[in-house]
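Engineer: Any chance you could fold what I've pasted below:
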Amino acid sequence: MSGEVRVPYFTMGSIILLILMLLIPNQMIHAQSAEELQPSSIPKETIKIVDPITTQNVSSGQELSISGLSSDNSLKNCSVSLIVNDVKPYQNAVASGTGGIDDFSQWEFVLHTNYTQIVDGENKITAKLLCSSAPTRWYSVFVVGVPNIGNQQELSPIQSEPPQQELSPIQSEPPQQELSPIQSEPPQQELSPIQSEPPQQELSPIQSEPPQQELSIPNASDVVDTNSNNNNMMHVSVLSQKNPVARGDTQNTTISVTDSNSRAIPNAEIDGKLIYPGNNFEKTFKGKTDPQGKFVYSWTIGENGDVGPLSIEIEVSSQGYIDSSVTNSFEIVDSSSTSGINTVTDETPVNGKSEFDFTVAGDYGCDSKTRQTVEGMEDEDPDLVLALGDLSEVKDSDCFFDIISNLDDDNIKIALGEDDTGSVRYRDYTRHFDLKSPFYSFDYQNVHFLAMSTGKGSVIPYVNGSEQYQFINDDLNKAANNPNIDWIVVYGYRPFYTSPTIHPANENLRETYPPLFEKYGVDLVITAHNHNYQRSYPLVYNVDHTREPIVKDVNPSHYNSPGVPIYVSVGTAGNNLYDFRGQAPYMVTQLEETGFLHVNISKTDRDVLTGSFLNIETGNDDDQFMIIKSEFQ
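Structural biologist: As a prediction, this is how the structure comes out:
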């Protein structure tokens with residue numbers, strides 16, 4: 001017994017206990033780690049369209065305001081964009097959250113017709129939330145496009161009719177679930193406010209009632225009977241750049257294709273034929289319209305051909321539409337017959353100064369970029385500097401006064417912006433520049449300048465019949481009848497026309513003043529407000545569709561006595577730049593750049609105005625244009 005070795009029981013128990021103590025904590029740690037790696041490690045973002053909602057009736061062919069919510073805030077790196085009816089590319093929404101321009105917790109988007117339109121029947125609207133640290137999320141709604149929804153809502157007291165009850169199941173189904181798995185909220189909650197208002201449920205069946213079809217004509221002059229096939233008809237217009245045109249010169253012809261509601265038809269097939277004078281020569285061409293429904297054909301007129309009318313025969317086809325054809329013509333003349341009329345392409349801008357020049361920009365910051373812009377102006381040594389409003393992004397006018405201190409105050413002419421009006425800075429600016437009125441005019445050599453005050457219409461009214469309107473009407477009338485004035489330049493803050501960007505054009509201004517500008521021969525209208533650069537073609541005011549001005553001359557840079565204004569937006573002095581959501585068909589150029597417009601006025605045997613936009617980052621002139629007025633005109 002003395003040689004026998006026994007293992008004490010407490011030793012075996014200690015070993016088992018030790019093993020358990022080692023295993024159990026590891027299991028707990030592993031379980032805890034697993035819990036920590038649950039979905040919380042991957043942020044789950046959400047997005048939602050609040051207005052409009054699925055099954056809601058909206059006006060077809062009209063602009064539509066869309067708004068929504070997301071899980072974004074000013075600290076996350078997220079953005080919201082939308083696509084309608086799968087028409088690419090996605091269009092950027094605007095942040096409207098309390099955190100500023102980077103807070104998409106609330107967002108807004110305006111569907112403009114130059115991107116796409118709501119069509120009759122079902123339309124799909126999809127919002128996309130793109131974040132750098134989380135998977136992309138989408139949310140879609142389906143709305144019903146109906147003609148002239150404003151009138152239909154007045155005509156929909158048919159809730160008690162049985163057919164209406166057939167629509168209610170749509171609201172009980174969660175249509176959003178297929179498209180938005182991110183929603184933890186019942187989609188039904190979005191629709192419940194509508195259910196309590198019977199008229200809203202009754203809108204879509206109205207389309208089947210004959211009286212409503214009479215309301216579907218936004219352009220009654222084009223379509224008379226909506227029960228006919230007029231909705232499938234195409235309207236084709238042909239605009240040649242020059243008429244007459246010289247032998248040996250180039251010609252550009254723009255073919256525009258729209259439907260009966262004046263909506264652009266993209267990808268329409270163009271078959272064209274040129275029939276030269278005397279039927280001695282024919283030339284064919286083909287093409288397709290762009291997203292704006294336009295196709296431009298350029299060619300050179302033969303130097304040795306006959307003079308006389310050249311006919312253009314156009315045939316257009318597009319799926320879903322009735323084929324259409326149109327004929328147009330212009331005159332071919334000998335080159336000597338067009339001297340002083342159409343030979344603008346061989347003009348070159350005058351190097352250096354001729355009679356005088358001026359620089360223009362608006363929306364000033366209080367930083368190095370703005371200083372760089374002003375220094376660039378100083379280098380040009382202009383006779384005048386036009387400052388277009390929002391003269392400082394800070395609440396202190398001294399910043400602007402400091403930045404322009406090297407320029408001569410007598411040569412600086414200002415227009416007041418939104419931030420400059422109705423504030424202490426208004427008094428500072430009017431005193432500093434000795435302004436008796438915020439709207440005024442002056443002559444400099446052979447140019448008449450008119451400064452408008454459009455910062456805040458509630459403070460300084462600009463509507464028809466206001467003191468400012470009467471001043472502008474009388475002032476332009478006098479300038480137009482002054483034999484010593486060759487050019488009229490209007491400058492102010494709010495734009496009359498713009499591509500889709502942050503601020504839309506002011507409808508009240510657009511419907512009030514462009515007719516006056518055309519009546520009195522205004523040559524150039526310069527504004528700001530949107531922090532980017534835009535330049536239009538020469539534009540004719542469209543009485544029937546004020547948002548769709550008529551392009552008078554499709555030449556991208558040279559214009560011979562256009563007789564209507566060119567509109568330029570120069571909100572590029574240094575404040576944060578705005579991006580574009582598309583390009584309006586009447587805009588030639590648009591740039592997201594900091595810089596200024598430099599305009600030169602010269603007079604020899606002709607009156608010549610040349611403009612160029614100088615990019616301060618590169619030192620390049622990224623846009624150039626020229627207007628020529630012949631002496632005998």
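
Engineer: how's the chain carved up into domains?
Structural biologist: 47-212, 230-342, 356-630 (automatic domain parsing).

Engineer: hey, which of those domains is tucked in deepest?
Structural biologist: domain 356-630 (a mean of 19; mean count of other CB atoms under 10 Å). In short, each C-beta sits where N, CA and C put it, glycine included.

Engineer: and the most centrally placed residue in the chain, what pLDDT?
Structural biologist: Centroid-nearest residue in the chain, with CA atoms, centre = their mean: residue 500, separated by 1.5 Å. The model reports residue 500 with a pLDDT of 93.

Engineer: So it: helix, strand or coil?
Structural biologist: Under DSSP: H, G, I helix; E, B strand; the rest coil, residue 500 falls in the coil class.

Engineer: thinking it is in contact with residue 112, fair?
Structural biologist: Yes: using CB atoms under 8 Å, residue 500 makes contact with residue 112 at a distance of 4.9 Å.

Engineer: Give the residues shared as contacts by these two.
Structural biologist: Shared contacts of residue 500 and residue 112 (CB atoms under 8 Å, 6 or more residues apart in numbering): 581, 582.

Engineer: list the contacts for residue 78?
Structural biologist: For residue 78, the contacting residues are 45, 70, 72, 104, 129, 130, 131, 132, by CB under 8 Å, 6+ apart.

Engineer: Of all pairs in those residues, which one is the farthest apart?
Structural biologist: Using CB to CB, the contacts of residue 78 span at most 14.2 Å, a distance reached by 70 and 132.

Engineer: Can you list the low-confidence ranges for the stretch 151-300 of the chain?
Structural biologist: Applying pLDDT under 70 to the stretch 151-300 of the chain flags the ranges 151-231, 241, 262.

Engineer: For my notes, confirm residue 469 occurs in a helix.
Structural biologist: Yes: judged by three-state DSSP, residue 469 forms part of a helix.

Engineer: Okay, now the sheet partners of the longest strand along the chain, with direction.
Structural biologist: Scanning the chain for the strand with the most residues, using DSSP state E, yields strand 134-146. If you go by DSSP bridges, strand 134-146 pairs up with strand 57-59 (parallel), strand 121-131 (antiparallel).

Engineer: May I have that strand as PDB, with CA atoms only?
Structural biologist: What follows is strand 134-146 as a C-alpha-only set of coordinates in PDB (Å, rounded to 0.1, in the frame of the first residue of the first chain):
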ATOM      1  CA  ALA A 134     -23.800  51.700 -47.000                       C
ATOM      2  CA  PRO A 135     -25.600  49.800 -49.800                       C
ATOM      3  CA  THR A 136     -27.600  51.800 -52.200                       C
ATOM      4  CA  ARG A 137     -31.300  52.000 -51.500                       C
ATOM      5  CA  TRP A 138     -34.300  52.600 -53.800                       C
ATOM      6  CA  TYR A 139     -37.900  53.600 -53.400                       C
ATOM      7  CA  SER A 140     -40.500  53.700 -56.100                       C
ATOM      8  CA  VAL A 141     -44.000  55.000 -56.500                       C
ATOM      9  CA  PHE A 142     -46.400  54.700 -59.400                       C
ATOM     10  CA  VAL A 143     -48.600  57.700 -60.200                       C
ATOM     11  CA  VAL A 144     -51.300  58.100 -62.800                       C
ATOM     12  CA  GLY A 145     -50.900  60.900 -65.400                       C
ATOM     13  CA  VAL A 146     -54.100  62.600 -66.300                       C
END
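
Engineer: helix, strand or coil for the closest residue to residue 562 other than its chain neighbours?
Structural biologist: The shortest distance from residue 562 to any non-neighbouring residue, by CB to CB, 6 or more residues apart in numbering, is to residue 538 (3.5 Å). Look at residue 538: counting by three-state DSSP, its state is strand.

Engineer: for the stretch 201-350 of the chain, what spans make up the helices?
Structural biologist: 210-213 (DSSP state H, counting those that start in this stretch).

Engineer: typed the wrong thing, it's the stretch 351-500 of the chain
Structural biologist: 368-380, 397-403, 424-432, 467-480.

Engineer: Among those helices, which comes closest to residue 313?
Structural biologist: Nearest to residue 313, of the helices of the stretch 351-500 of the chain and by CB to CB, is helix 467-480 at 40.4 Å.

Engineer: for the closest one, packing partners?
Structural biologist: Helices and strands touching helix 467-480, by 3 or more CB pairs under 8 Å, 6 or more residues apart in numbering; DSSP states H and E, are strand 440-444, strand 447-451, strand 487-491, helix 514-519.
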